[in-house]
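Whatever this is, show me its structure:
(one chain, ligands or ions: 1)
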Amino acid sequence: MPHVLTTIAEAKEVLREVGKTDTIALVPTMGALHDGHLSLVDIAKRNATKTVVSVFVNPMQFAPGEDFERYPRTFDDDLAKLDAAGVDYVFAPAVSDMYPEGVKQTRVVGGYAAGLLEAAHRLAHFDGVLTVVTKLFNIVRPNVAVFGEKDAQQLFLVRRLVRDLNLDINVIGAPIIREDDGLALSSRNRYLSTEERAAALSLVRALSAAASNGDRGIREMISGAQGALMDEKLVKMDYVSIVDPETFALVNEAYRGKALVLVAARVGTTRLIDNMSAYVGEYR
Ligand code: PAF
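Numbering: from 1, shown residues only. As a prediction, this is how the structure comes out:
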C-alpha cells in the first residue's frame, strides 16, 4: 500500500527525508482515477526513484455553479489503483488544511495564456490551478512533475509557471489516452449517459476533421471541426480554436506550421475538452 499522507505537516516532514536520498516525481490529481492517470504514474515512475500522487479536489479552481460538490470522490478505489500501480506516497490533504482561511488568499495568476480559451468559460479557473500546483510543488518539492496533455492549456501554463518563477522542476507532458473508439479518458466521462457518450465522440471527430484539413488553412480546419460538433443535437460547442503550441497564441489564416487544435463542448450537462496536434500547410 502507498504511504498515505493526510496533512501538509506530515507530507513535508516525510518527503523532506525522502528527498535526501531519492528523486521525487509528483503526479497531481483530483482523484476519480482512470487509465489516463495511471499512464502519468507510469511516466513518473520511470523518471524518479519515488512517486507521489496527490489526490485533492481543489475548490479554488471551480467557478461558482460548476461541479465541485458533485465531482466524483472515490478515494478507496483510487488508493487500490495506486497500490496496484506501485505508487510510494499518496498526499490527500483536507480542504481546511490547504485553505485554512478559505480560498480568498494570495493567488498565482498566469500570463496572457491564462486569459484565453478555458478562461473565458471558467472564471478564475487557472488562478486556482496555478495556486494549488504551486502549493503542491512547495509541499512535495518534486524533481519531476507529470501532467496530462489533455489539459493542454493547463500544461502550457504550468510549464510557464516553472520557467517564469525559476522552479527546479522537470515538467513532463503525458500523451492523451483514448478509449478504442477515440473518446479521451476523463474523470467527467462517468457523468455521461449512453446517448451522451455516443454524442461525445463528436469531439474527437471534430479534432480529426480539423487535423485532416491542415493543408486547406485555418478557416477550413475550424469549419470542419464545427460541422462535426453541430451534427450532434446533445452537444453545445464552447469553442474550437487553433493555437501555436510553442506560445499558445491563437493563429490566423496566414499561419503555417505545427498547431494544436482545441475543443470544448457541453454534452448534456457535462463539459468536456480535448485536443489534437495538427500541421497547417502543405509541407509536412
Ligand atoms: O488536472 C487536474 O486534475 C487538476 O487541475 C490539478 C492539476 C490536479 C490541479 O488541481
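
if you look at the helix or strand of the chain with the lowest mean pLDDT, does any of it touch the ligand?
Ranked by mean pLDDT, DSSP states H and E, the helix or strand of the chain with the weakest confidence is helix 118-121, at a mean of 92. No - using Cβ under 6 Å from any ligand atom, no contact is recorded between helix 118-121 and the ligand, whose separation bottoms out at 10.6 Å. Yep, even glycine has a C-beta here, placed from its N, CA and C like the rest.

quick one: contacts of that helix?
Helix 118-121 has contacts (Cβ atoms under 8 Å, 6 or more residues apart in numbering) with His125, Phe126, Gln153, Gln154, Asp238, Tyr239, Ala264, Arg271, Ile273.

Please name the strands paired to the host helix or strand of Ala25 in the sheet, noting orientation.
Using DSSP states H and E, Ala25 sits in strand 24-29. The strands that strand 24-29 pairs with in its sheet are strand 50-55 (parallel), strand 144-148 (parallel) (by DSSP bridges).

can you put those in TSV and add mean pLDDT?
Output for the strands paired with strand 24-29, formatted as TSV (pLDDT from 0 to 100):
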stretch	mean pLDDT
strand 50-55	98
strand 144-148	98
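
Out of those, which gets nearest to Tyr255?
Nearest to Tyr255, of all the strands paired with strand 24-29, is strand 144-148, at 25.7 Å by Cβ to Cβ.

just to revisit the earlier point, which among the contacts of helix 118-121 gets closest to Arg70?
The nearest member of the contacts of helix 118-121 to Arg70, counting by Cβ to Cβ, is Arg271 at 12.7 Å.

quick one: buried residues of the longest helix belonging to the chain?
For the chain, the helix that runs over the most residues, judged by DSSP state H, is helix 194-212. Neighbour-count burial for helix 194-212, counted by 16 or more other Cβ atoms under 10 Å, picks out 196-197, 199-211.

now stretch 45-59
In stretch 45-59, counting by 16+ other Cβ under 10 Å, buried: 45, 47-48, 50-59.

Then stretch 107-115?
Of the residues in stretch 107-115, those buried (16+ other Cβ under 10 Å) are Val108, Gly110, Ala113, Ala114.

phi, psi of Tyr89?
Here is the backbone geometry of Tyr89 (degrees, to the nearest 10): phi -130, psi 140.

Distance check, it against Val52.
4 Å (Cβ to Cβ, to the nearest Å).

Ignoring the adjacent residues along the chain, who's closest to the most centrally placed residue in the chain?
In the chain, the C-alpha nearest the mean C-alpha coordinate belongs to Asp151, at 3.3 Å (Cα atoms, centre = their mean). Spatially, and ignoring its direct neighbours in sequence, Asp151 is nearest to Ile273 (7.2 Å; Cβ to Cβ, 6 or more residues apart in numbering).
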